[in-house]
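**Q** sequence and predicted structure below; questions after.
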Amino acid sequence: MGITSVGKVIHSFKLLLPALIPSWRFFDVIAPSPRIEFTLLETEDEAPVNWTEFRPRPQRLSVIQMFKRILWNPHWNESLFLVSCAERLMAHPTEHSRAEIQNRISRDLKRNEDMDLIQPYLQFRLVFLDRQGTEIKKRVMYMSPIHQHIENIV
Amino acid sequence: MTLEFAIRLTEILTGFAFIQQSMEHIFAPKNEQILFIPRIILCVFLILGFETEWVSLALMALALLMLYRFQGPYNGGSDRMSLLLLSCLCLVHFLPEQSWRELVFGYLALQLVMSYFISGWVKIINPEWRNGLALNDVFRYSSYPVSEHLRGLWNWPKLLLVMSWAVILFELIFPLTLISQPTLILGLVIAATFHLANAFLFGLNRFFWIWLAAYPSIIWLQFRIFDAF
């Protein structure tokens, strides 16, 4: 086992520690909440203008849909994982968190859109919502690098 | 309830909870499938009671790989409880003394109690939870409400104030349910209903299943402590 593999094992055990001695501070404070927005660009130099919210929540869910989600809720759980990635990107920026968000946007586009209509460059940003007094304020806290995404769909 | 029966029940419930979690990755990219498909197979063995000590160990190794793959838990608190359960199951199988095994399983039960009590404590010391504003914020702008329609609940501040206090008081009072078996069962039914509500309102379905899997440990601990008197 090489030094890199040993490092990976040690790192994984470090990630395990908060589970063995958990803090259980669920919802202790309501922190600013991230939304992921993306834009598609024709060229690497194009200035982004139109931003689209990634995976906006549905307007309504029926009680039956909510029941089904007790057993099967992959899309929502993946969205919550991306919320974690967005929060991690602000707290401790890593290539991993950026790539997770970027790859999943690319994958959704590939699934849902006509590939001929998709522009080749992708950029995403993180918008954080927070209450200040009685108003909800939006702040752009992160802009990803522009990325040629079509060749990089996982 | 004997320790052996509680452990067996925990294995079965954990197996089902892990299968539910893993099935949600069945259509994910290959680098996720490669972790979750073997996990489903191992969980079938765990449920059937086949070589559960080695199956638990293999599940633990997979869990470490998943932690590395996602650079932390995929699903926050529910994954943390999953890891805690799995770690305790591994330890109870490999520790040589019965008293050590009881200690480990008791630790799991204690953490379950703490998961409610600490959550209640951090809320009651926060004035925004006490006046209902925090739950208002959860519905108004957090990432959790499952539909835009549900967000409308932020317009019902009195209802949210009542809900906030109901959650805070239940979480704080939960340790007291240990005084007798009927009160504990009542407490666990209310707790499961609370997780079910969270699954409905916030889509936190994995919490529901994995917290249920930890309940045998607290039922065993209550029996172990109070049966002595």
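**A** Thanks, I have it.
**Q** give the contact list for residue B:153.
**A** B:139, B:145, B:159-160 (CB atoms under 8 Å, 6 or more residues apart in numbering or on different chains). Any C-beta I mention is one placed from the backbone N, CA and C, and that applies to glycine too.
**Q** and residue A:13, what element?
**A** According to DSSP states H and E, residue A:13 maps onto helix A:3-20.
**Q** hmm, that helix touching chain B?
**A** Yes. Judged by CB under 8 Å from any CB of the partner chain, helix A:3-20 comes into contact with chain B through A:8-9, A:11-13, A:15-16, A:18-20.
**Q** parallel or antiparallel, which strands does the helix or strand where residue A:129 lies pair with?
**A** Using DSSP H and E, residue A:129 sits in strand A:121-132. Applying DSSP bridges, strand A:121-132 is found paired with strand A:33-41 (antiparallel), strand A:135-143 (antiparallel), strand A:147-148 (antiparallel).
**Q** how far off centre is the last one?
**A** Centre-to-centre, strand A:147-148 and its host chain are 17 Å apart (CA atoms, centre = their mean, to the nearest Å).
**Q** what's the mean pLDDT across it?
**A** Strand A:147-148 shows a mean pLDDT of 90.
**Q** what's it in contact with?
**A** By CB under 8 Å, 6+ apart, strand A:147-148 touches A:44, A:102, A:120-123.
**Q** same check, this time on stretch B:135-146
**A** A:27, A:30, A:33-35, A:57-58, A:61, A:66, A:69, A:76, A:79-80, A:83, A:129-131, A:136, B:128-129, B:150-154, B:157, B:160-161, B:163-164, B:167, B:200-204.
**Q** residue ranges with poor pLDDT in the chain?
**A** As the question left the chain open, I've gone with chain A. Applying pLDDT under 70 to chain A flags the ranges A:1-3, A:114-117, A:151-154.
**Q** was after chain B, sorry
**A** Along chain B, the model assigns pLDDT under 70 to residues B:228-229.
**Q** which residues of it fall in strands?
**A** Counting by DSSP state E, chain B has no strands to list.
**Q** which stretches of it form helices?
**A** B:3-23, B:30-48, B:52-70, B:76-94, B:98-124, B:127-130, B:133-141, B:148-151, B:157-173, B:181-202, B:205-226 (DSSP state H).
**Q** closest one to residue A:143 among these?
**A** helix B:133-141 (21.3 Å; CB to CB).
**Q** what about residue 80, neighbour count?
**A** Looking at chain A here, since you left the chain open. Neighbour count for residue A:80, taken as other CB atoms under 10 Å in any protein chain shown: 20.
**Q** wrong one, I was asking about chain B
**A** Neighbour count of residue B:80, defined by other CB under 10 Å: 22.
**Q** please apply the same query to residue A:127.
**A** The tally of other residues near residue A:127 (other CB under 10 Å) stands at 18.
**Q** from residue B:172, how far out is residue A:113?
**A** Going from residue A:113 to residue B:172 by CB to CB, to the nearest Å gives 49 Å.
**Q** so those two - more neighbours on which side?
**A** It is residue B:172, of residue A:113 and residue B:172, that has more neighbours when counted by other CB under 10 Å, with 17 against 11.
**Q** tell me the contacts of the nearest residue in space to that one that is not next to it in sequence?
**A** Nearest non-adjacent residue to residue B:172, counting by CB to CB, 6 or more residues apart in numbering or on different chains: residue B:120, 3.9 Å away. Under the criterion of CB under 8 Å, 6+ apart, the contact partners of residue B:120 comprise B:167-174.
**Q** list the contacts for residue 57?
**A** Went with chain A since none was named. Residues near residue A:57 by CB under 8 Å, 6+ apart: B:145-148.
**Q** wrong one, chain B
**A** Residue B:57 touches B:90, B:93-94, counting by CB under 8 Å, 6+ apart.
**Q** can you do 7 Å?
**A** Each residue near residue B:57 by CB atoms under 7 Å, 6 or more residues apart in numbering or on different chains is listed here: residue B:90.
**Q** now swap in residue B:118 and tell me
**A** By CB under 7 Å, 6+ apart, the neighbours of residue B:118 are A:24-25.
**Q** at 6 Å what do you get?
**A** Residue B:118 is in contact with residue A:24, counting by CB atoms under 6 Å, 6 or more residues apart in numbering or on different chains.
**Q** same check on residue B:89?
**A** Contacts of residue B:89 by CB under 6 Å, 6+ apart are residue B:56.
**Q** try it again at 8 Å.
**A** If a contact means CB under 8 Å, 6+ apart, then residue B:89 has B:7, B:10-11, B:14, B:52, B:56 as its contacts.
**Q** out of these, which is most surrounded?
**A** Counting neighbours by other CB under 10 Å, residue B:14 leads the contacts of residue B:89 with 27 neighbours.
**Q** if anything else comes up later, I'll come back, but that's it for now.
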